[in-house]
Each structure stands twice: as C-alpha cells, then as structure tokens.
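J.: generate coordinates for the sequence data below:
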Amino acid sequence: MEINDLTPAERRIWDAFPRGERVDFRSHPGEDAAAADGHAWGPERTVRAEVLTHLLLNGSSSRGLVAGLNVRGVRITGKLNLKYAVVEHAIRLRGCWFERKPLIYGAQLRALVLTDSTLPGLTATSVSIDVALRMPCCRISGPVRLSGARIAGGLFLQQAVIGTPGAAAEASAAGEEAPLQVNHADIGTDVIAFGLTVHGQTRLNGATVGGQVNLDDARLLAPGSTALHAENLSVGTDLRALRMEAHGRVNLTGSRIPGQLQFGYARFVNPGGVALRASSCVIGEVWLRSCETVQGAVNLRRSQFDILHMPSETWPDRIRIDGLTYRTLAPHLPAEQRLPALERAESGYLPYAYEQLAAAYRTAGDEAAARTVQLAKLRRHRGTLPRHARLWGKLQDVTVGYGFRPLRAVGWLLALLLTGSVTYAVRPPRPLKAGEAPDFNPVFYTIDLLVPIISFGQESAYAPSGWYQWLSYLLIVTGWILATTTAAGVSRSLQRQ
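T.: This is a model prediction of the structure:
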C-alpha cells in the first residue's frame, strides 16, 4: 500500500502507530461508549481495515518506543483479516464500529482490546493471546467464536451484549450456532463477565480457567434451549453467578470447581425441562442462597459436594439426586422440612439419599434429626414391600418407631399395665389351688402376663374366667409383640452404630 493513498483519518493512525500513541476520534469524551451509531460516522472518522492490517503486520517502532495500534471512536470498513498472522504489537480498538466481523482465526497476538465497540461478530477460533482479550461493554450482534483459544491472561466480557434480542429461540430451532463459543479454550487467569447479556447459548464445554469465572448479574437468555452449556468445565477457584438470570437450561455436567459454585439470588427458568443440571460434578461448595424456587427440574446425580447450601423452598417439584454425595447441608433446618424433597425424587425411593441426609445431620451434631430421617427412610421402604411385610413394618412403627422411638414401647407397657392392674383389682381371678396360691397382686399379675421373660409366680397360680381370660390372652400376645419389636429395633440401632 502506498502512503499517498491514506485518508486524513488513516494518516493520523499511521503516524501514531510507531510511538504507540492513542488516536481519539470522538467529538467529545461523553460520546456513546458502545459506538452504536458508528455506521453514520463520516469520512473524518472512517478508516479501512486493510490499513490497520498493514500496520499490524509491517509497522515498526520508533527508536526507544513501543509501537501499537491504539485507536478510539473510529468506523472500520472492510474486514480486519489477521488469519494465521503473528502480530507483535498490542491491538486496542476502543469504542469502534466494525462494518464486518474481524477474522483472527489461528492468529498469535500480544493483546486484543475491543472495549465499548460494536461488531457484527468475531471469529477468533484457536487464537493465541499473550496478555488478555478485553471486550467489556461491547455490542456484538453475531457469534463470538473463541473455541480452542489460548489466552495467557484473562477474558473480559463484563457488561457486554452478545446476540440479537428475540432471535435466540429462532436460532435454536434453525440449528444456528451459539452466540458465545468458548469451547475447549484455555484461559490462564479469570473470565470476568459480570453483567453479561447473551441472547442465545453460551458454550464453555471443556474450557479450562486458571482462576475464577464471574457471571454475577449475567442474563443468559435461551428460552426452551440451553442457556449455559459448560460440560466438563475446569475452574481453578470459583464460579460466581450471583443474581444471574438464566432462561433455559444451565448444564454443568462433569465440571470441576474446587472452590465455590455461587448461585446466590440467582433465577433459573426452564419450565417443562431441566433448569439446572450439575451431575457428575466435583465441587467444593454449592450455594443457592435466597434463590427463587427453581422453575424446572434439578439434576444433581452422582455429584460430590463438600457443602450444599440450598433452602428447602428452592427445590422444585422434580429433582434427580441418586448418587449425590455431600458432607454438610445448609442452612440447618428441621428434618421435617428436608424430607419432602427426598420424596419428590424422580427415581422413586432412594435409600442412599436418606442415609446421606442422616449423615449430614450427624455431622452437624443433630442426632434427633438423623433419627427422624432414618425413621422416614424405613417408612418409605415399607411401601415397597409385600403386604405381609408391610403389616409387620407397620406394627414395628406403631409400637417402637422401628427402634428410633423406644419410649413408645414404655408408653404401651404402662398403658397396658394400668389397664390390667385396675381390671384385675376390681375382679381378681380365682386361684388354681386354694390355700396354696400366693397372695394376689394385680400389678405383678399383669406384669407376669406382659413380660414373657419375667415370672413372679402370679400367672401360674391364678386363672381368670370369661372376658377377663380374653384380656389375659391379649396382654400375653401384646407383651410378646412389644418384646419382639423392641428387640428388632434395638438390634437395628446397634447395627447402624
């Protein structure tokens, strides 16, 4: 390209490039930061993409200075084509309007800054960036392709808007590509994307992030589809999504997050489908504090959490928790408020889920709640048994609460002892051998009938008649049932310990 072909606007950039100086084309500092009206800018603020490409590939530094492309508030026509290029200079194009989406497929760059710019898309698949990729507050109507990117520093997308409002459902139905694609990217530090809005699917499948992923206040809008597709995501510290709003499925299957998965105050909306899927994950802490009730199913199958903070009112009607393991469950609530969630599990009766909940209560030192959970488990199990087994289980439940309510047996014994003592005190039975029987005592006579392993000599010396005899039979049978169920309950408790 001949230097004489440059327009005045291009000449300013050409002259500033060797010194790395900034060229600001804005008419005043308060001009619209997102360059939404850049298509109307005149020739005084218009440069050709081929001029910028020529500078980046062939430009040199002034002696003692660092060259670089540092432009603000310009309209770029044509395609900025850096495919497979090796660029040694930083690229900073803030508040710019792009006629066509930049092509930096497979390029090697020092740094790329597109802050406040408006673009029809960005093709940066397999790009390699030494410092960082910054696109905060950008307005990008087409897809952003960052699959396979290698960024030594961070990826910054805070307050950016990607995709076209209202087009997410149509794009999903037509099988079009996702607006934001970061599949299998390798980010050295953080992904900072608080306040990000994506109209369509956000893909982070297989990505590796050395630090944290910050999606606080993000709006991921893909109704009826997948809003966040992050299978096998690996994060160095935390994934933050405080106050995030997700319309569509959030899929974190197989992710590894050693710190926190922070969904506090978030909103999940995918009625009729799965709203949150975090199956087969290994996560340190999962926080869903102060969230609305999830609109859609929650799938946490086979995951491992150290802490699961999820209030009972956040659980939806459909949950899948078979194989879920956690050490601590928060906030600490009575067992009666946690049990309904287990009863709503789509897989039906899950013994392991009850054992896991009981173990969490024991970890918190709440043995009473742990026993309540174990009792609920046995009651739920009873419904899966044949009729005769259900009858025996019901009997154990009523009498001693399967061994978790031993005072019930004491209550039954005292009630029967009082009944028998009063009855036989009013109408003592006749002695079997007159003159040889010991003095009659209604209390010890009733104890002889109730307790099969103790004998005070009263039962063998006296014989009631009529309905009093039927009462004695009832006391004997009830005593054996109480003794048997109590022994079964005690044995079950000892086995658990």
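J.: can you get me the start-to-end distance on stretch 76-85?
T.: End-to-end distance for stretch 76-85: 19 Å, by Cα to Cα, to the nearest Å.
J.: nearest spatial neighbour of residue 256, chain-adjacent residues omitted?
T.: Distance criterion Cβ to Cβ, 6 or more residues apart in numbering; nearest residue to residue 256, sequence neighbours excluded, is residue 234 at 4.8 Å. In this view, the C-beta of every residue, glycine as well, is placed from N, C-alpha and C.
J.: what is the one you found paired to in the beta sheet?
T.: For residue 234, the beta-bridge partners under DSSP bridges are residue 208, residue 256.
J.: count the neighbours of it for me.
T.: By other Cβ atoms under 10 Å, the residues close to residue 234 number 17.
J.: other SSEs contacting the host helix or strand of residue 51?
T.: Taking DSSP states H and E as the criterion, residue 51 maps to helix 49-58. In terms of contacts (3 or more Cβ pairs under 8 Å, 6 or more residues apart in numbering; DSSP states H and E), helix 49-58 is packed against helix 8-16, strand 68-72, strand 75-77.
J.: as a markdown table, the ones you listed with mean pLDDT would be great.
T.: As requested, the helices and strands packed on helix 49-58 are exported to a markdown table (pLDDT from 0 to 100):
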| stretch | mean pLDDT |
| --- | --- |
| helix 8-16 | 94 |
| strand 68-72 | 95 |
| strand 75-77 | 96 |
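J.: of all those, which lies closest to residue 483?
T.: Of all the helices and strands packed on helix 49-58, it is strand 68-72 that lies closest to residue 483, at 88.8 Å by Cβ to Cβ.
J.: and the contacts of that closest one?
T.: Outside strand 68-72, the residues that touch it by Cβ atoms under 8 Å, 6 or more residues apart in numbering are 13, 16-17, 20-26, 47, 52, 55-56, 89-96.
J.: now with 7 Å, please.
T.: By Cβ atoms under 7 Å, 6 or more residues apart in numbering, the residues outside strand 68-72 that reach it are 13, 17, 20-26, 52, 55-56, 89-96.
J.: pretty sure residue 448 contacts residue 459?
T.: Yes: between residue 448 and residue 459 there is a contact under Cβ atoms under 7 Å: 3.8 Å.
J.: who has more neighbours, these two?
T.: residue 448 (24 against 19).
J.: what's the first helix or strand after the host helix or strand of the more buried one?
T.: Following DSSP H and E, one finds residue 448 within helix 442-450. For helix 442-450, the following helix or strand on the C-terminal side (DSSP H and E) is strand 462-463.
J.: that next one packs against which elements?
T.: strand 430-431 (3 or more Cβ pairs under 7 Å, 6 or more residues apart in numbering; DSSP states H and E).
J.: paired strands for the strand it packs on, with orientation please.
T.: Taking DSSP bridges as the criterion, strand 430-431 sits next to strand 462-463 (antiparallel) in its sheet.
J.: got the contact list for the partner strand?
T.: 429, 430, 431, 432, 437, 440, 445.
J.: excluding its backbone neighbours, what's nearest the first one?
T.: To tie it back to what came earlier, the one meant is residue 429. residue 464 (3.7 Å).
J.: would you quantify the distance from the one you found to residue 450?
T.: Distance of residue 464 to residue 450, computed by Cβ to Cβ, to the nearest Å: 14 Å.
J.: do residue 129 as well
T.: According to Cβ to Cβ, residue 129 stands 83 Å off from residue 450.
J.: more crowded one of those two?
T.: It is residue 129, of residue 129 and residue 450, that has more neighbours when counted by other Cβ under 10 Å, with 27 against 21.
J.: do you know the pLDDT at that one?
T.: In this model, residue 129 is scored at 97, pLDDT.
J.: so who does it touch?
T.: With Cβ under 7 Å, 6+ apart, residue 129 has these contacts: 109, 111, 112, 151, 152.
J.: over to residue 14?
T.: 6, 55.
J.: could you redo the last one with a cut-off of 6 Å?
T.: If you count contacts by Cβ atoms under 6 Å, 6 or more residues apart in numbering, residue 14 has them with residue 6.
J.: could you check how far it is from residue 454?
T.: Noted for residue 14: a distance of 108 Å to residue 454, by Cβ to Cβ.
J.: now do residue 474
T.: For residue 474, the distance to residue 454 - Cβ to Cβ - is 18 Å.
J.: these two: who's more crowded?
T.: Counted by other Cβ under 10 Å, residue 474 and residue 454 do not tie: residue 474 has more neighbours, with 14 against 10.
J.: the more buried one - that's part of a helix, no?
T.: Yes: under DSSP: H, G, I helix; E, B strand; the rest coil, residue 474 falls within a helix.
J.: what is the neighbour count of residue 84?
T.: Residue 84 has 12 nearby residues by other Cβ under 10 Å.
J.: that older thread, out of the contacts of strand 462-463, which end up buried?
T.: 429, 437, 440, 445 (16 or more other Cβ atoms under 10 Å).
J.: who's in contact with the third one?
T.: Counting by Cβ under 6 Å, 6+ apart, residue 440 touches residue 428.
J.: 8 Å instead?
T.: Residue 440 sits next to 424, 428, 429, 431, 458, 462 when contact means Cβ under 8 Å, 6+ apart.
J.: how far off centre is stretch 115-124?
T.: Centroid separation for stretch 115-124 versus its chain: 31 Å, with Cα atoms, centre = their mean, to the nearest Å.
J.: what's the answer for stretch 302-310, then?
T.: On Cα atoms, centre = their mean, the centre of stretch 302-310 falls 8 Å from the chain's centre.
J.: and the contacts of it?
T.: 278-289, 322-331.
J.: quick check: the residue nearest to residue 353 when sequence neighbours are not counted vs residue 319, distance?
T.: Nearest residue to residue 353 in three dimensions, chain neighbours excluded: residue 342, at 5.1 Å (Cβ to Cβ, 6+ apart). Distance of residue 342 to residue 319, computed by Cβ to Cβ: 9 Å.
J.: what is the strand or helix carrying residue 353 packed up against?
T.: Residue 353 belongs to helix 351-363 when elements are defined using DSSP H and E. The contact analysis (3+ Cβ pairs under 8 Å, 6+ apart) places helix 351-363 against strand 325-330, helix 335-343, helix 367-382.
J.: any chance of those in a markdown table, plus mean pLDDT and mean neighbour count?
T.: Shown next, in a markdown table, are the helices and strands packed on helix 351-363 (pLDDT from 0 to 100; neighbours: other Cβ atoms under 10 Å):
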| stretch | mean pLDDT | mean neighbour count |
| --- | --- | --- |
| strand 325-330 | 94 | 18 |
| helix 335-343 | 90 | 16 |
| helix 367-382 | 83 | 19 |
